[in-house]
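Chemist: sequence plus predicted model, see below.
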Amino acid sequence: MRRKNGTDLVDNEVRLLGLAVDLVMRAEEQGSIYDRRFHGYELVRQMQRDAQATKTRPLNHATIYRALRHLEEVGALSAEWEDAASAEEGGRDNRPRRYYRLTPNGLSALSTYDAGQSYAQLALRLLNGLSP
């Protein structure tokens, strides 16, 4: 898929934003949707579950991580690296994870690009401070 310009989102990125909203909404943690962070592999697992349920083909890992980088560049997601001490406590031997968070820009983009779809309606409700 080609971009019309550097800021347009492609279908895969819109799909990932929708799955990120779904992942965040399923979280047991309370608080703002912007407080819940997730790592790339969580999103990969969510996509695999979604693909099985909808009988669609999941994206490969390289495509997912490339899309996550672009979503961060355009401000749809914010990202931060886990510190080495937390990674070691988690048993990952100094292999920190990159954690992502949804941003208001990401929800706004999802409501625009996914117009008429279920994620767009959910994104608009969340942007307006309403419960899902």
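Modeler: Great, that's in hand.
Chemist: spit out the contact partners of residue 76.
Modeler: Counting by Cβ atoms under 8 Å, 6 or more residues apart in numbering, residue 76 makes contact with 9, 13, 17, 102-103, 105-106, 109-110. Every C-beta, even on glycine, is put in place using the N, C-alpha and C of the backbone.
Chemist: do the same with residue 70
Modeler: Counting by Cβ under 8 Å, 6+ apart, residue 70 has contacts 9, 13.
Chemist: can you map out the helices along this protein?
Modeler: Per DSSP state H, the chain carries helices over the ranges 11-26, 40-54, 61-73, 84-89, 104-113, 118-127.
Chemist: hmm, back to that, any of the contacts of residue 76 buried? List them.
Modeler: 9, 13, 17, 102-103, 106, 109-110 (16 or more other Cβ atoms under 10 Å).
Chemist: could I get those as TSV with pLDDT and distance to residue 41?
Modeler: Formatted as TSV, those follow (pLDDT from 0 to 100; distance: Cβ to Cβ, whole Å):
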residue	pLDDT	distance to residue 41
9	78	22
13	86	18
17	85	17
102	87	17
103	88	21
106	85	19
109	81	23
110	78	21
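Chemist: closest one of the residues you listed to residue 66?
Modeler: residue 13 (9.5 Å; Cβ to Cβ).
Chemist: hang on, isn't that closest one packed against residue 67?
Modeler: Yes - counting by Cβ atoms under 8 Å, residue 13 does reach residue 67; the two are 4.8 Å apart.
Chemist: if we can go back for a sec, can you redo the helices of the chain as CSV with distance to residue 98?
Modeler: Shown next, in CSV, are the helices of the chain (distance: least, Cβ to Cβ, whole Å):
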stretch, distance to residue 98
helix 11-26, 14
helix 40-54, 6
helix 61-73, 8
helix 84-89, 11
helix 104-113, 16
helix 118-127, 23
